[in-house]
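Trainee: The sequence isn't on hand, but the structure is:
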């Protein structure tokens, strides 16, 4: 198994890489959740603002105040739209990291498969060697026993 040390090192590195990708995926998913929380806050604030505007009524308000409200509402909608774009980008990033994770797990699985095959082959070779030694010992024992029998008959 001395020739497997390089393979064991490659497996260790692949495990570290996979673990890094898992951490990156978790962080990316947290970023999406945080961005969604911010979007919820923006939407809630916009809803509350509209609700207050409707409940107070626009009767008797100056044109300037009405204009200001519509500008503010427009900016809130712009912020909401931008936040939705941020979330979409973050979700694309999450999907990219998931693909990296699949590749890392596939590589690790392949390396583990090669190691398993090498170990099975080494075990098979060791069993053959052990069987050959047992056969040789049995043959020598048989030869000695036969020689002793032959010497016993010759006396």
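Mentor: Structure received. The model shown is predicted, which means the values in this text are computed figures rather than measured ones. Residues are numbered from 1 along each chain as shown.

Trainee: which non-adjacent residue is nearest the residue nearest to the spatial centre of the chain?
Mentor: Geometric centre of the chain, nearest residue: residue 101, 3.7 Å, by Cα atoms, centre = their mean. Leaving out its chain neighbours, the residue that sits closest to residue 101 by Cβ to Cβ, 6 or more residues apart in numbering is residue 21, at 4.7 Å. (Each C-beta comes from the backbone N, C-alpha and C, glycine too.)

Trainee: What separation do you get for that neighbour and residue 143?
Mentor: Applying Cβ to Cβ, to the nearest Å, the value for residue 21 to residue 143 is 62 Å.

Trainee: what's the answer for residue 38, then?
Mentor: Counting by Cβ to Cβ, the gap from residue 38 to residue 143 is 87 Å.

Trainee: So for the two, which residue has more residues nearby?
Mentor: residue 38 (15 against 10; other Cβ atoms under 10 Å).

Trainee: Helix or strand: which one has the residue nearest to residue 101?
Mentor: helix 5-56 (DSSP states H and E).

Trainee: if you average pLDDT over that helix, what comes out?
Mentor: For helix 5-56, mean pLDDT is 93.

Trainee: try stretch 112-128
Mentor: Mean predicted lDDT for stretch 112-128 stands at 95.

Trainee: Can you list the buried residues in it?
Mentor: residue 115 (16 or more other Cβ atoms under 10 Å).
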